[in-house]
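S.K.: A predicted structure for the sequence below; I have some questions about it.
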Amino acid sequence: MTEEINVVQQQEMVGEFLVGLAKSFGINGTAENVSADDDSFEVNLAGDDKELGLLIGPRGNHLVAIHEVSKTMLQRRQPGMNRARIRVDVGGYRSKRREALSAYVKELAQKVIESGVEKGLEPMNAADRKVVHDAANEVDGVGTISVGDEPRRRVVLVVASD
Amino acid sequence: MADQEGTTAEEVLLYLIAQLVEHPDQVELEIEESDTKLSLMAKVSSEDIGRVIGKRGRVANSIRTLVRAAAVKDGVEVEVDFSD
């Protein structure tokens, strides 16, 4: 075993990487550690919202690219090691989206309970589907199933059978 | 902007490559510039080219996305290529 780089150190590396990337764009930013556990962590790059928009991109496209290069940067620093799952955010874009999606799912869950009719959501990536499952699970009387194949896999809210 | 060392696109490209490669001392950047278009050719060591391109070109495409975003600040269109 070579020396293991722990989650906190990985989080710091990604934070420094993001601040440096912003700087290369001529943007001032600071890294915020949003969350960390044994096998995953999230770093947010905070700063001026107007400037950070360029790093988020249309529909979060630039943020997706930042996530990819962040992962690759960590892989170089510690090849072949068990790495934590990275989540990267800029200006709280992802967490705001998560909150909005979660609120929408809870509303929809209430409608499923009231009407007794299941409701399907649009196809989403795995990360967004997890948000849907988690939000629905907080509502009693509603369950979730996933249907379809990637990239059109989607969640359906159903009346819980128990 | 005459005193600026390079365009934002160049800065971002050089930063990303330096962060991704094992041999930053072997990175070279060839620049071709016209009024509206910037062509950047990044040369890295043969050991590093795989990492910079990534599976199915995913890393290279992510770098291109970010360098294009940076070029918005420069007011130019940019083309990015990689070689070893």
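M.R.: Cool, the structure landed.
S.K.: which SS state does A:Ala136 fall under?
M.R.: With DSSP: H, G, I helix; E, B strand; the rest coil as the basis, A:Ala136 sits in helix.
S.K.: Leaving out the residues flanking it, which one is nearest to it?
M.R.: Leaving aside its sequence neighbours, A:Ala136 sits nearest to A:Thr144 (CB to CB, 6 or more residues apart in numbering or on different chains; 4.8 Å). Yep, even glycine has a C-beta here, placed from its N, CA and C like the rest.
S.K.: distance between the longest helix anywhere in chain A and the chain's centre?
M.R.: Longest helix in chain A, counting residues (DSSP state H): helix A:93-115. Distance, stretch centre to chain centre, for helix A:93-115: 16 Å (CA atoms, centre = their mean, to the nearest Å).
S.K.: repeat for stretch A:68-79
M.R.: The answer for stretch A:68-79 is 18 Å, by CA atoms, centre = their mean.
S.K.: What mean pLDDT does that stretch get?
M.R.: Mean pLDDT, stretch A:68-79: 89.
S.K.: I'd like to check what contacts it. Which residues are they?
M.R.: A:5, A:10, A:13-14, A:17-18, A:21, A:83, A:86, A:88, B:16, B:19-22, B:51, B:54, B:58-59, B:62-63, B:66 (CB atoms under 8 Å, 6 or more residues apart in numbering or on different chains).
S.K.: And for stretch B:28-47?
M.R.: B:7, B:9-10, B:13-14, B:17, B:21-23, B:26-27, B:52, B:67, B:71, B:74, B:76-84.
S.K.: Let me know the distance separating the residue nearest to A:Phe17 when sequence neighbours are not counted from A:Glu42.
M.R.: For A:Phe17, ignoring the flanking residues on the chain, the nearest one in space by CB to CB, 6+ apart is A:Met73 at 5.4 Å. Distance of A:Met73 to A:Glu42, computed by CB to CB, to the nearest Å: 16 Å.
S.K.: Need the CA coordinates for the helix or strand harbouring A:Asn44. CSV is fine.
M.R.: Assigned by DSSP states H and E, A:Asn44 belongs to strand A:40-47. What follows is strand A:40-47 as a C-alpha-only set of coordinates in CSV (Å, rounded to 0.1, in the frame of the first residue of the first chain):
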residue,chain,number,x,y,z
SER,A,40,-17.9,10.9,-1.2
PHE,A,41,-17.5,14.6,-0.9
GLU,A,42,-18.8,17.9,-2.4
VAL,A,43,-16.9,21.1,-3.0
ASN,A,44,-18.6,24.3,-4.0
LEU,A,45,-16.8,27.2,-5.6
ALA,A,46,-18.2,30.4,-4.2
GLY,A,47,-17.8,33.9,-5.5
